[in-house]
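Peer 1: Quick one, what's the 3D model for this:
(2 chains)
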Amino acid sequence: MSEQKILQPSASSLQPSTLIEVCDLKQCFGTQEVLRGLSLSVQRGETMVLLGGSGGGKSVFLKHLIGLMRPLSGKVLIEGEDISAFTERQLEPVRCKIGMLFQDGALFDSMTVFENVAFPLAERGLRDEKTLRQKVGKALELVSLQGHEEKMPVNLSGGMRKRAALARAIISEPSCILYDEPTAGLDPIVSDTINRLIRRLQRQLQVTSVVVTHDMTSTNHIADRVALLHQGRLHFCGTLEEFHASRDPLVRDFIDGRSHEID
Amino acid sequence: MNHSFSQRFQILSSLEKFPLAHSFVIYVGQTALLIVETLQAIAAGRVRSRLVLQQLVDIGYGSQFVVIVTGAFTGAVFTAQTFYQFSTLGMSSAVGPVVAVSLFRELGPVLTGLMVAGRVGAAMSAEIGTMKVTQQLDALRALAVSPIDYLVVPRAVAMLISMPLLVCECVFFGILASYFVAVKLLGVSSVYFSQNIWRFIDGHNIVMSLSKGFVFAIIVVFLSCQQGLTTREGAVGVGRATTEAVVICSLCILIANFFLTMALNMVFPAGLR
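Peer 2: Here you go, the predicted model:
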C-alpha cells in the first residue's frame, strides 16, 4: 500500500503540528496478534476516524494512545514524547490532556450523573460547589442531558449513559478526545447530536479527536481523515474525499457495506 | 538493570513448566507490588480523607454487629464448655482466665479476621472486580486517577485502623458474655472470676491481640483488593474473585496465626509473671 509507505513515521520526522505519532505498534493476546506493526499520525486539531472490522484492534489501538495498554513493541509519541515506557505516575499529566469516551460509557456506578461528570474537576482540586454545578450543568447541556444530574447510571438508558460519559470526558477541556464507538447503540437523532458536538468541539476549541466507529454516516459527518485498519495493519489512510474516491476493494466494501457472502 | 530484568524473565520462563508454581510466584509478586505502591501512596500523602471516612463506616461501623455476636457467643460457649470440664477437677474458678487468655491471644483476632474477611473482603473484591470488568478502572486511569490511590489506599487505611479496634471489641464482648454465663448462669464466684482474669491478663496479651489484628488487616485488605484488581471474564470472573478472596484470606489468616503465635509467644510468654 502506497499510503502505508507515506505514513511510516519516526521521531525525527515529527512535524510541529503532529499531536499523536504511532510507530510500528505491535500487540498480541496470547497467540492472537491484534496489532501487527501499525503506524499512524494524528495532526493537532483534526478529527481522525478509525474504521475496521469488529475485533480488528481499533479499541486496543485507542487504549495505547492514553497508556491504558503497553505495546509489545513500537512507539506511541504524544507531543513528541514516547509514552510507551511511562509509569502510571508519568502518564498522569498526559492523561490530563487527553479525554476518553469508552464504548459502554464506563460511568462510575456508585455515583450520580452529577458526581460522575464533576469527578475529573473534583479530582484536580476544584471544590467550590457553585462552580462545579455551573460547569457540570454546561457540560450536560452540551450533550442534551440537563435535568438528569441526580440520577444513578443504572437508571439511565444506554444512550444517556454514553452522553453522560461524553460530558465527563469533555468537562476538563482536554486538547484531545478519544472516542470509542461514540454513536453505537444510539438513535439517529442522538447520534447526530454527538456528531455535531464532536464537530463543534473541533471548530470552537480546536480539539483533536480520534474516533473509532463503524458508522459511515458519522464518519461522513465528522472525519477530516479516515484510517482503515485491516488485520492489525493500516490498510488505508487519507482524507474523507480520498477515502470515497478510493478504488481499493476493501475500502469500497466498507463504504458500500458489502460482505461478499452468498445468500 | 536490563540484565536483572532478563534474569527475572528467565526465572519466570523456566517456571512456566510448573503452572501452579508459576501462578503462585506471579500472584505473590503482584500482591507485593500492590503493598509497596499503597505504602508509597500513603507515605506521599495521597490519602483521600473523605473516602477513608466512608470506608471506616463500611468496615468498622458496618462490622459491629457481626463481631459483637461472634465474640459474645464464642465467649459464652467456650465458658460453658470450660466450666463443665474444669468443674470435675474442682477448678471452676479458672474458667475466667482460660477464656480471657484464649480470647485475647487466639480467638478474638482469628474470629474477627475471619468475619471481616467474609463480610468486608468479599465486598471489596466484588466491588473492585465489577469496576474492572465494566472498564471503570480504565476510566479512572484515563481520568489521571490511580486506582490504587482511589480504591486501595482508603480501604487499607480504614482496615488498618478498624481491625485492631474490632478485635478489642470482640474480646471485650467475649469476656462480658463469659462473665454472664460463668457468674450468673453457672454460679462461679464473681470475685474469683474477675481477680483471676486480672492476674493473667496484662499488656502483653493486649499487644499480642492488636498485633495479630494488624497483620490480619493487611492480609484481608491486600488479598481482597488484589483479587478484585485482577478480575477477568465478566460476571463469572467477579463471582470467582469474590469466592477466592474469602477462601484465600481465611486460609492465610489461619496459617499466619500459627506463625504469629509461635513468634509472639517467644516475645510475650504466656502465664503468670
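Peer 1: Tell me the residue of the stretch 101-250 of chain A that sits nearest chain B?
Peer 2: A:Ala106 (3.9 Å; CB to the nearest CB). In this view, the C-beta of every residue, glycine as well, is placed from N, C-alpha and C.
Peer 1: Just the CA trace of stretch B:73-80, in CSV.
Peer 2: C-alpha atoms of stretch B:73-80 as CSV (Å, rounded to 0.1, in the frame of the first residue of the first chain):
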residue,chain,number,x,y,z
PHE,B,73,-21.3,-16.3,71.6
THR,B,74,-17.8,-17.7,71.3
GLY,B,75,-17.0,-16.4,74.8
ALA,B,76,-20.3,-17.8,76.2
VAL,B,77,-20.0,-21.3,74.6
PHE,B,78,-16.3,-21.5,75.5
THR,B,79,-17.0,-20.6,79.1
ALA,B,80,-19.8,-23.2,79.4
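Peer 1: before we move on, the earlier item: so the residue of the stretch 101-250 of chain A closest to chain B, which of the three states?
Peer 2: Using DSSP: H, G, I helix; E, B strand; the rest coil, the structure places A:Ala106 in coil.
Peer 1: now do A:Gly238
Peer 2: Assignment for A:Gly238 (three-state DSSP): strand.
Peer 1: Dig out what it forms beta bridges with.
Peer 2: Beta bridges link A:Gly238 to A:Val226 when assigned by DSSP bridges.
Peer 1: Identify the residue spatially nearest to the residue in the stretch 151-273 of chain B that chain A sits nearest to, adjacent ones excluded.
Peer 2: The nearest approach of the stretch 151-273 of chain B to chain A comes at B:Leu151, 10.9 Å away (CB to the nearest CB). Spatially, and ignoring its direct neighbours in sequence, B:Leu151 is nearest to B:Ile128 (5.8 Å; CB to CB, 6 or more residues apart in numbering or on different chains).
Peer 1: That neighbour is in what secondary structure piece?
Peer 2: According to DSSP states H and E, B:Ile128 maps onto helix B:122-133.
Peer 1: Using CSV, write out the CA atom coordinates for that helix.
Peer 2: Output of helix B:122-133 as CSV, limited to C-alpha atoms (Å, rounded to 0.1, in the frame of the first residue of the first chain):
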residue,chain,number,x,y,z
ALA,B,122,-15.8,-10.3,49.8
ALA,B,123,-17.4,-6.9,49.3
MET,B,124,-14.0,-5.3,48.4
SER,B,125,-13.2,-8.0,45.9
ALA,B,126,-16.7,-7.9,44.3
GLU,B,127,-16.8,-4.1,44.1
ILE,B,128,-13.3,-3.6,42.6
GLY,B,129,-13.8,-6.7,40.4
THR,B,130,-17.0,-5.3,38.9
MET,B,131,-15.3,-2.0,38.3
LYS,B,132,-12.6,-3.9,36.5
VAL,B,133,-14.8,-5.8,34.2
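Peer 1: quick one: contacts of the very next helix or strand once past that helix?
Peer 2: Using DSSP H and E, the helix or strand that follows helix B:122-133 in sequence is helix B:136-142. With CB atoms under 8 Å, 6 or more residues apart in numbering or on different chains as the test, helix B:136-142 has contacts from A:63, A:66-68, A:88, A:91, A:95, A:98-100, A:102, A:106-109, A:165, B:128, B:130-131, B:146-147, B:150-151, B:229.
Peer 1: Below-threshold pLDDT in chain B: ranges please.
Peer 2: In the predicted model, chain B carries pLDDT under 70 at residues B:1-13, B:270-273.
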